[in-house]
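*Asks:* next one to model:
(4 chains)
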There are 4 protein chains.
Amino acid sequence: MNMESNSNLLQNPLHGIIPPMITPLLDRDTLDVAGLERLIEHILSSGVHGLFILGTTGESPSLSYRLRYELIERVCGQVKGRVPVLVGITDTCFTESLNTANKAKDAGAQAVLLAPPYYFPAGQAELLEYIEHLTPELPLPLFLYNMPSLTKAIFEPQTIRAAAEIDGIVGIKDSSGNMAYFRQLQSLLQDHPDFSLLMGHEELMAEAVLLGASGGVCGGANIIPKLYVDLYDAARSRDMETMEALQKRVMQISTSIYGVGRYQSSYLKGLKCALSCMGICSDFLAEPFHRFRSEEHDVIRRHLEELGIVQKQ
Amino acid sequence: MNMESNSNLLQNPLHGIIPPMITPLLDRDTLDVAGLERLIEHILSSGVHGLFILGTTGESPSLSYRLRYELIERVCGQVKGRVPVLVGITDTCFTESLNTANKAKDAGAQAVLLAPPYYFPAGQAELLEYIEHLTPELPLPLFLYNMPSLTKAIFEPQTIRAAAEIDGIVGIKDSSGNMAYFRQLQSLLQDHPDFSLLMGHEELMAEAVLLGASGGVCGGANIIPKLYVDLYDAARSRDMETMEALQKRVMQISTSIYGVGRYQSSYLKGLKCALSCMGICSDFLAEPFHRFRSEEHDVIRRHLEELGIVQKQ
Amino acid sequence: MNMESNSNLLQNPLHGIIPPMITPLLDRDTLDVAGLERLIEHILSSGVHGLFILGTTGESPSLSYRLRYELIERVCGQVKGRVPVLVGITDTCFTESLNTANKAKDAGAQAVLLAPPYYFPAGQAELLEYIEHLTPELPLPLFLYNMPSLTKAIFEPQTIRAAAEIDGIVGIKDSSGNMAYFRQLQSLLQDHPDFSLLMGHEELMAEAVLLGASGGVCGGANIIPKLYVDLYDAARSRDMETMEALQKRVMQISTSIYGVGRYQSSYLKGLKCALSCMGICSDFLAEPFHRFRSEEHDVIRRHLEELGIVQKQ
Amino acid sequence: MNMESNSNLLQNPLHGIIPPMITPLLDRDTLDVAGLERLIEHILSSGVHGLFILGTTGESPSLSYRLRYELIERVCGQVKGRVPVLVGITDTCFTESLNTANKAKDAGAQAVLLAPPYYFPAGQAELLEYIEHLTPELPLPLFLYNMPSLTKAIFEPQTIRAAAEIDGIVGIKDSSGNMAYFRQLQSLLQDHPDFSLLMGHEELMAEAVLLGASGGVCGGANIIPKLYVDLYDAARSRDMETMEALQKRVMQISTSIYGVGRYQSSYLKGLKCALSCMGICSDFLAEPFHRFRSEEHDVIRRHLEELGIVQKQ
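*Replies:* Have a look, this model is predicted:
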C-alpha cells in the first residue's frame, strides 16, 4: 500500500469539521458543474478540516458510477490538496468498493469511507472478515461508517475494537445517534489516540468533541461551514459559553431547515433547497426523491431569512 | 418501446415455474463458466417456464456490474429463446437499473424485474412515481418485486393496483411471505387477468397457484427443477393428492438444505453447497458471505443422500 | 391437573371456527352487558365451534383485571357449555396469567391462550422455559398464540415442536400472517394429529384449512359468523367452487370494513363500528383507541349496506 | 388535584440522581423484604435526590399487582419522606395505571411515571389524547417516560412540547439513548425551566447534565449510588477533570457488570447479581428471566473485586 502522495495531508488522527458534501445535480445523471465549484469554494472558505464526498448526504447510492467517478475527479481537481478529501466507497459489492477506491486514489483523494454492505445483512463476524479482506487491497486509508437506519447493520463496539488493530483503518464516523454506543467506542479505544472518532450527527458534534471526539461530519456545513468550525473550536477549547450560543444556532438550523415536510428525506431536501435559495447550486435530487415544490421552497427561504443566512427580499 | 423481438416468448400473463438462478462463481469477480452451462442445462431439462437471473438468489447486489453484464450475455446466449429470460435490475440508482435493462434487451432477454431502491427509504407515492418514470424508458416489460426483509420497502397493494395500469408493467413477484398481502393483491387485480402474480416463497407456490396465482419463483428448482414443475402442474389441475405428496418433499428440502447453520444466509449457502455436491457448479459465495466449511458441507451431502438427490458414497 | 369438568367439550384437536369476540364496552371500565348478551347469541346462532374471549380483538390488554374477570363470568354463564370457551391469559406477568386462568377455570371455560410476555423480549430458550413452568400450574389446557407484530416475539417452529410434547399444551393460534411459517409448523407437527393448528388471519383461514389446518380464529365472525362457518365447511370438504365464492365475500369485508381510516387500529374500530350499525352492541373502544367519528361511521354503514348486512336506510 | 401532602418534597424541577430501584425478590411473587430494607438504606446513604420504583429496572411488568402494591407501601414506609419517591404506573390499561397511581398517593409517594401503553401501538395524536385524559385523574404529578425499545412507541418532541403545557405533567425521563432527540427536547423546552429533563442512560447522564439536563435515572446507583451523585455534582459544577475520571468508572461498570452473557437481559441480571455478591439482596429475577448461573456469578464477582466494590475472597 503506497499512500504517501495522497495521505500526507491526513492528520493523525483526522480531526475537525469534515462537511459531507451534497452532490449538485442538473438532472439525475448530470452534475451541476458550476454549482459544484461554487459549493466547494463556499465550504473551503471557512477553515474546514476536510471534505467528505459520496456519502449519504451526497446521495451516493442514487448516482451512477460514471457520475460518481466524474465527481471524484472534479472535486479533487478543485480542492487541490487544500484539505484532505474523503470519498465514500460504501457498496453492496466488494469489487465496486475497490473500483471506487482506486478512482479516489488516482484522483488524489486522501482517504475512503465504508459502511457495511447494505443488501444482504452480514453478521459481525462476516463484517469483520469483510473489512479484513478489503483493507489490504485498498490504496488509501479507510474510515468505517455507521449508518444503521439505512444499512440495517452497525459495526458493533467489539468489531471496531478489532478493526482498530488492522493496518490501514484509521477512524470511524458514527451516524447512529446513539451516544451510549459512541461513548462505549471511546472507552474501548482510549489506547488508540491515533484512531479518529467522528460524530455524524451535527447536533451532537459539540458535546462529542467536548468530551474527547476527534470531530464531526456536519451536513449543515454545506450551508454555513463557519458555524460548525467555530463550534468545534469552542468545544475543543472548552469555552462553554460560546459553545452554548453556537449550539442554539445549530439547533435552529436542524429544526427549521431539516424540518419541512413529513418526509424521511426532509434533511436532504432542506439542505439542497437552502443551497439553491443561497444561489450556490441546483436543488435537484436524484430519484427516489424530488426537490421541494414552491410552497416548501418558500418556507425554507423564510427560515433562511430568519436565520440571517439570506437577505429578506 | 420496441419489445417484439424479445417478448414474443413472454406469455400473457407469464405463468409456471421460473427458477431464480444462483450465480456460479470461481471467486468474487469470476464466473464459473462451465458450472453455469451445466446449471442452465440442468434447470432447462425439466420443463421450467422461464429463468430469472440476477435476483436475490443470484446474489446480484454482491456482483460487479462487469460480471452482471457478462452473466446476462452468457445466459441469454445459451438459453437461446428456449424459455423467457427475466433479468433483475434492482438498484439503488435509477440510471444503473436502466443500464442493466439495456444490456438485458441487447442480449435477448424477455423481461426485467425491479424491487424498490433499497438504500433511501421511499414512501409509496415516491415508489409509484419512480416506476412511472422508469417504465417508459425501459426496453423490456417490467415485473415488480417485493423483498421487504432486504429492501426495507414493499409495494403496497394500492401501489400495485395503480402500477397494473401502467403500460409495460406486466406482473409482480412477491417474496414477502405474507399470504394475506398476496391474497389482497389477487383480490385487487381480479380484473387484470393478464397481470402475472408470482409467488416468491417456494413453500407457498403450490397453494398460491391452487387458488389462482400465475406461478412461482422457486429457489429449490436450481437443485431439482422437476419437483417444482410437477407440483405446479398438480396445483394447477387441482390434483390434491399429488400436490400434498410433492409438497412434503418441498418442505423436506426447505428444512434440510436451507436449515444448516445459524445464519441468515443459510438458504444461499445451502443451495450453492447442494449444487456443488451434485457436481454441477462451484459453491463460492460473493462477500459478505462465505461457502460452508467441510462439516456443514457434509451435513448438506447427507441430506441430499437422504432425499435421493445424490447417491450414497 | 383436573380438567375433566371443563374440558369435556374440547374436541381433540379443537377445530372449526372460533370467533375472537370483541368486548362490548359502555366506557373504559364498564361492560355493555345487554350488548354482550346479544353479541354472544348472534355469534352462537351460526354453528361456530368455540368462542375466544380476551384476545387482541377483545382488547384484553386495555381492560382492567376487574373487567376481564367480570367478562369471563358473564360469557361462561351465558354460553353454558354450548361451545367451548377459550380465554386469553397473555400477560407480561406470570402470576397474573395464572390468576386469569384460575378465574377461567372457575367460571367454566374450557381452555386458555397465551402469547409470549410482551414487555421484556425473551429468547426462545426463555420462552420454552416460561411455558414449561407455566403449563403444569394451569388448571386448563393451553393454546399458544403468535402475534409478533404486537408482542415482538414469536414462538419459533422448534419451540412449538418442543411445546407439543408438554402435557397440557394442545394447540397454537398463529396470527403472524407468515404462511411459510405456518406450513413449517404443519410439517413439523405431522406426527401430532391431536395438536390444533388455528389460523389467526381470517383471509387465510380457508386455504389453511384446505391444506390441513384445524380451523380459524376469524374476527369477521363477530359480524357474520355464518360466512366463516360455511367457508370452513367448504374448505374442509374441498368444495373449491363454493370456497372461492365465499372467499370473495371475506375479502370484501376485510377491504371495506377494516380499511377505513389510516390507523393501525382500523380493524378494531371497523369491527366495533359495524356491530354498532347492526344494533348489536356499543362501539366504544378502550384507550389508547377511540371509536370512529360520524363520517367514518357513515362509511362503514354504507359498506354494510353494500354487503347486504344491514338494510339501506 | 390535591397534591400538597405528597409533593412538597418535589423540587421544581426535580433534579439530581434518582436511582431506578431493582425489586428484590425471593421468588416470582414474594418480596425479599430484608433485602429491600438493606437496599433502600444502601441507596439513600449517598445523597441521592429521589428514588424511582416499578420501572423497567424494577421489572414492574413482570410483577403481580399485589406485589407491586406491597412494594409501594414498603418503600414509602421506609423512605419516610427523606427523598421523593417516584412510582412507575406504565400499563397497557388506563384504569390499572390509575389504580397504581392511587396506591402510590395513598402510600405517600411524590410522583408517578408513565411510558406509552405498550401492546397496541398508538399514534402520536392518540398518545397525546391518552395523557390528556389520564393526567387530570391522577392524584400525583406525572413524569413521562420514553423506553421505545420495549414499548414500541416514543413520545415525539412535539408531543412532549404539548404535554409540557398540561397541568400536572412535570418532566420526562428519556431512555431512548438518542441524544439528538434529547437535545431537541431541550431546545423545544427552553422556555419551561420548571420541566424536568432526566436522562435514562447512566453512561450519558454526565454529559446530559453538563449541557443542561436536570439529572439522571442511573441503574448503577443501585450498586454504588455515591459514584453517580459525585458525577452529577461534577457535571453540574462543570468540573471537567473530576467528571472525566468518574465517567471512566461509570463506563467500567457498564462494560463489566452489564456485559456478561449474550442476553438482552444482561443489564438486569448483572445488577441483581452484583447486589447479591455485595450481600445486599437476592438475585432472583421474575420470569421471563432467570438469575445468572454460578459461572456467570463468578465473573460478576471478579468484576466487582476489580472495581474495588467487594473485597477479594
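*Asks:* for the rest of this, base every contact and every neighbour count on C-alpha atoms.
*Replies:* Will do.
*Asks:* output the contacting helices and strands for the helix ranked longest in chain A.
*Replies:* What stands out as the longest helix in chain A, according to DSSP state H, is helix A:240-257. Contacts defined by 3 or more C-alpha pairs under 8 Å, 6 or more residues apart in numbering or on different chains; DSSP states H and E place helix A:240-257 against helix A:225-236, helix A:266-277, helix A:294-306, helix D:179-188.
*Asks:* so which of these is nearest chain C?
*Replies:* helix A:266-277 (21.9 Å; C-alpha to the nearest C-alpha).
*Asks:* send the alpha carbons of that closest one over as PDB?
*Replies:* C-alpha atoms of helix A:266-277 as PDB (Å, rounded to 0.1, in the frame of the first residue of the first chain):
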ATOM      1  CA  SER A 266     -36.600  16.300   4.700                       C
ATOM      2  CA  TYR A 267     -32.900  16.600   5.600                       C
ATOM      3  CA  LEU A 268     -31.700  16.200   2.100                       C
ATOM      4  CA  LYS A 269     -34.400  18.200   0.500                       C
ATOM      5  CA  GLY A 270     -33.900  21.000   3.000                       C
ATOM      6  CA  LEU A 271     -30.100  21.200   2.500                       C
ATOM      7  CA  LYS A 272     -30.300  21.300  -1.300                       C
ATOM      8  CA  CYS A 273     -33.200  23.700  -1.200                       C
ATOM      9  CA  ALA A 274     -31.300  26.100   1.100                       C
ATOM     10  CA  LEU A 275     -28.200  26.000  -1.200                       C
ATOM     11  CA  SER A 276     -30.500  26.800  -4.100                       C
ATOM     12  CA  CYS A 277     -32.000  29.800  -2.200                       C
END
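*Asks:* sorry, back to before: any idea of the mean pLDDT for the longest helix of chain A?
*Replies:* Confidence for helix A:240-257, expressed as mean pLDDT, is 95.
*Asks:* now do the buried residues in that helix.
*Replies:* A:240, A:243-244, A:246-247, A:250-257 (16 or more other C-alpha atoms under 10 Å in any protein chain shown).
*Asks:* between those, which is closest to chain D?
*Replies:* The closest of the buried residues of helix A:240-257, once distances to chain D are taken by C-alpha to the nearest C-alpha, is A:Met251, at 7.1 Å.
*Asks:* contact partners for that closest one?
*Replies:* A:203, D:184, D:187 (C-alpha atoms under 8 Å, 6 or more residues apart in numbering or on different chains).
*Asks:* surely the second one and D:Pro157 touch.
*Replies:* Yes. Judged on C-alpha atoms under 8 Å, D:Gln184 makes contact with D:Pro157 at a distance of 7.0 Å.
*Asks:* SS state for the residue lying closest to A:Cys281 once chain neighbours are set aside?
*Replies:* Distances taken as C-alpha to C-alpha, 6 or more residues apart in numbering or on different chains place A:Gly35 nearest to A:Cys281, at 4.1 Å, with adjacent residues excluded. Following DSSP: H, G, I helix; E, B strand; the rest coil, we place A:Gly35 in the helix state.
*Asks:* ok, A:Gly35 - how many residues close by?
*Replies:* 21 (other C-alpha atoms under 10 Å in any protein chain shown).
*Asks:* how about A:Val170: what's its closest non-neighbour residue?
*Replies:* In space, A:Val170 is closest to A:Phe195, 5.2 Å off (C-alpha to C-alpha, 6+ apart).
*Asks:* residue of the stretch 51-200 of chain A closest to chain D, please.
*Replies:* Counting by C-alpha to the nearest C-alpha, the stretch 51-200 of chain A gets nearest chain D through A:Asn178, at 4.9 Å.
*Asks:* that residue bridge partners, please.
*Replies:* D:Asn178 (DSSP bridges).
*Asks:* pLDDT score for it?
*Replies:* pLDDT, A:Asn178: 91.
*Asks:* how close does A:Leu9 get to A:Pro84?
*Replies:* 6 Å (C-alpha to C-alpha, to the nearest Å).
*Asks:* what is the orientation angle of the longest helix of chain A with helix A:294-306?
*Replies:* Note on geometry: by axes from the mean of the first three to the mean of the last three C-alpha atoms, to 10 degrees, helix A:240-257 and helix A:294-306 are set 160 degrees apart in direction.
*Asks:* please state the offset of helix A:240-257 from the chain centre?
*Replies:* In terms of C-alpha atoms, centre = their mean, to the nearest Å, the centre of helix A:240-257 is found 19 Å from the chain centre.
*Asks:* same deal with stretch A:40-55?
*Replies:* On C-alpha atoms, centre = their mean, the centre of stretch A:40-55 falls 10 Å from the chain's centre.
*Asks:* could you dump it to PDB, C-alpha only?
*Replies:* Extracted C-alpha coordinates of stretch A:40-55, given in PDB (Å, rounded to 0.1, in the frame of the first residue of the first chain):
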ATOM      1  CA  ILE A  40     -16.600  23.700  -2.900                       C
ATOM      2  CA  GLU A  41     -15.200  27.300  -2.600                       C
ATOM      3  CA  HIS A  42     -18.100  28.200  -0.200                       C
ATOM      4  CA  ILE A  43     -17.300  25.300   2.100                       C
ATOM      5  CA  LEU A  44     -13.500  25.700   1.900                       C
ATOM      6  CA  SER A  45     -13.600  29.400   2.700                       C
ATOM      7  CA  SER A  46     -14.400  28.800   6.300                       C
ATOM      8  CA  GLY A  47     -11.500  26.700   7.600                       C
ATOM      9  CA  VAL A  48     -13.000  23.300   7.500                       C
ATOM     10  CA  HIS A  49     -10.600  20.400   8.100                       C
ATOM     11  CA  GLY A  50     -11.600  18.100   5.300                       C
ATOM     12  CA  LEU A  51     -14.300  17.300   2.700                       C
ATOM     13  CA  PHE A  52     -16.300  14.200   2.500                       C
ATOM     14  CA  ILE A  53     -18.000  13.300  -0.800                       C
ATOM     15  CA  LEU A  54     -20.200  10.400  -1.900                       C
ATOM     16  CA  GLY A  55     -21.800   9.800   1.500                       C
END
